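Enquirer: have a look at this fold, sequence not included:
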Ligand code: NAD
């Protein structure tokens, strides 16, 4: 088979092509249109937005073109750092004007959880596709309103589920779906870190909607669903608290929870703000197992199965995520595991059920 270099040389394109991604260079050589690029503005310029912006430097299908922030000094420094034009920078007060901006396709909402609904709905009304961070909202009711608003506005709503594009995760999911582990009947998800500054929004219910569960417990919930490939039908849950001053009423420090699935599989999970290095998934089947530790951190993810370690090269999660999300929004690409609003809503229904189970001490059914 002729090599890539040989083919390009024959076409007299070596110099041009070697400086471009292969598919792009071929497309140009053949006079085809270059793939479209999703022009993204980030809303909320905190620590995660900074990580996303850095990762987007390596994207081929998504480009950072604007920002929305309540802090003028941050806008100035981001404008300079990322070469953003002044007309693509907004404050929360004038963000409605974004509807007149033809140079922004989508906005990535990276603000505190309890603001996701209000921000998503405003952006949908302004005609922009929305990528919203997890958890999509602070309860299922809000999630439903966000989905309805995006539907009514004819824009897409995606949730920032970066693990849905991570190579080890996808490999294990494919092996599970292919039956390599036999009948998978047990999942364990452990999600935790020791949270610092007691004054941060994550420990303020009005902004967070809850404690560790909203922040990291959702990884175990979501992970149980994609690793087992089923939707839970019931939950039970228990809360413990060692520091009621730091973790006030409505801010869960630690919740252990269990989920039951139609096949008879169960999941046993822990969500906590009081243990470090807790980031582990374990999937057990009649013929094998998969284990990931760390399983949802920024990587590299370490994964193995009963057949040995998985050896996928680490790629910055948010780079892959943003390129894949551009393909979903612009080309209608279907990801293996959905990242749409309905996917986020499923997690919110489970979070609602977990909080209800904690409160009542009862087993709680999850609405279909
Ligand atoms: P952060 O505190 O670092 O940033 C939050 C930003 O929101 C700040 O810039 C802040 O100024 C802004 N903001 C706007 N209105 C605010 C208000 N009324 N009160 C407080 N802040 C306000 O938080 P973060 O870690 O960047 O988290 C933001 C979102 O991103 C959360 O929903 C979180 O769950 C999510 N997140 C996701 C991941 C992931 O891996 N997918 C990782 C971290 C955070």
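Expert: Good, I have the coordinates. No experiment lies behind these values; they were computed from the predicted model shown.

Enquirer: do you know how far the residue of the stretch 1-150 of the chain found nearest the ligand is from residue 225?
Expert: Nearest residue of the stretch 1-150 of the chain to the ligand (C-beta to the nearest ligand atom) works out as residue 46 at 1.8 Å. Where you see a C-beta, it was placed from the backbone N, CA and C, and this is true even at glycine. Per C-beta to C-beta, to the nearest Å, residue 46 is found 27 Å from residue 225.

Enquirer: more neighbours: which of these two?
Expert: residue 225 (21 against 15; other C-beta atoms under 10 Å).

Enquirer: any idea which helix or strand carries the more buried one?
Expert: helix 218-228 (DSSP states H and E).

Enquirer: that helix close to the ligand?
Expert: No: Helix 218-228 lies apart from the ligand when judged by C-beta under 6 Å from any ligand atom; the minimum separation is 8.3 Å.

Enquirer: need the residues that contact that helix.
Expert: 134-135, 161, 163-164, 169, 172-173, 176, 184, 187, 189-191, 231-232, 259, 261, 263, 265, 267, 269-271, 281, 283, 290, 295-296, 337, 346-347, 350-351, 354 (C-beta atoms under 8 Å, 6 or more residues apart in numbering).

Enquirer: in this structure, what residue spans correspond to helices?
Expert: Using DSSP state H, the helices of the chain run over residues 4-10, 14-18, 22-29, 47-56, 72-82, 116-125, 140-153, 167-177, 205-208, 212, 218-228, 317-331, 341-360.

Enquirer: how about those helices, which one is nearest residue 41?
Expert: helix 116-125 (9.1 Å; C-beta to C-beta).

Enquirer: for the residue of the stretch 1-150 of the chain closest to the ligand, what are its contacts?
Expert: With contact set as C-beta under 8 Å, 6+ apart, residue 46 has these partners: 110-111.

Enquirer: and if you look at residue 205?
Expert: For residue 205, counting by C-beta under 8 Å, 6+ apart, the contacting residues are 248-251.

Enquirer: re the thing from before, now the helix holding residue 225 against helix 167-177, angle please.
Expert: Interaxial angle of helix 218-228 relative to helix 167-177 (axes from the mean of the first three to the mean of the last three C-alpha atoms, to 10 degrees): 40 degrees.

Enquirer: flag every buried residue along helix 218-228.
Expert: For helix 218-228, a neighbour-count test (16 or more other C-beta atoms under 10 Å) marks 218-228 as buried.

Enquirer: residues of the protein that sit close to the ligand?
Expert: Residues of the chain lying near the ligand (C-beta under 6 Å from any ligand atom): 44-49, 70, 110-113, 115, 133-134, 160, 162, 201, 207, 215.

Enquirer: okay, now the unreliable bits of the chain?
Expert: Scanning the chain with the threshold set as pLDDT under 70 gives 1-32.

Enquirer: tell me the centre residue of this structure?
Expert: Centroid-nearest residue in the chain: residue 161, 1.8 Å away (criterion: C-alpha atoms, centre = their mean).

Enquirer: close enough to count as contact, that residue and residue 339?
Expert: Yes: between residue 161 and residue 339 there is a contact under C-beta atoms under 8 Å: 4.8 Å.

Enquirer: now residue 113. Nearest residue, chain neighbours left out?
Expert: residue 209 (4.9 Å; C-beta to C-beta, 6 or more residues apart in numbering).

Enquirer: could you pull up the residues touching that neighbour?
Expert: Residue 209 neighbours (C-beta under 8 Å, 6+ apart): 113-114, 135, 137-139.

Enquirer: the residue nearest to the centre of the chain: what's it in contact with?
Expert: Contacts of residue 161 by C-beta under 8 Å, 6+ apart are 134, 222, 321, 337, 339, 343-344.

Enquirer: so what's residue 121 closest to, chain neighbours aside?
Expert: residue 149 (4.3 Å).

Enquirer: against residue 315, how distant is that neighbour?
Expert: Distance from residue 149 to residue 315, by C-beta to C-beta: 33 Å.

Enquirer: who's more crowded, these two?
Expert: Ranked by neighbour count (other C-beta under 10 Å), residue 149 and residue 315 place residue 149 first, with 20 against 17.

Enquirer: ok, the more buried one touching residue 119?
Expert: No: contact between residue 149 and residue 119 fails when scored by C-beta under 8 Å: they sit 11.0 Å apart.

Enquirer: next, the nearest residue to residue 307 once chain neighbours are set aside: phi, psi?
Expert: When the adjacent residues along the chain are set aside, residue 307 lies closest to residue 288, with 7.1 Å between them (C-beta to C-beta, 6+ apart). Residue 288 has phi and psi values of phi -180, psi -170 when expressed as degrees, to the nearest 10.

Enquirer: also residue 37?
Expert: phi -110, psi 130.

Enquirer: for the closest residue to it other than its chain neighbours, which residues are in contact?
Expert: Distances taken as C-beta to C-beta, 6+ apart put residue 63 closest to residue 37, at 5.2 Å, once the chain neighbours are dropped. Taking C-beta under 8 Å, 6+ apart, we find residue 63 in contact with 37-40, 56.

Enquirer: the contacts of residue 209 in strands, which ones?
Expert: Using DSSP state E, no member of these sits in strands.

Enquirer: export the residues you listed as CSV, with columns for neighbour count.
Expert: Compiled in CSV, the contacts of residue 209 are given as follows (neighbours: other C-beta atoms under 10 Å):
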residue, neighbour count
113, 23
114, 21
135, 28
137, 30
138, 24
139, 18
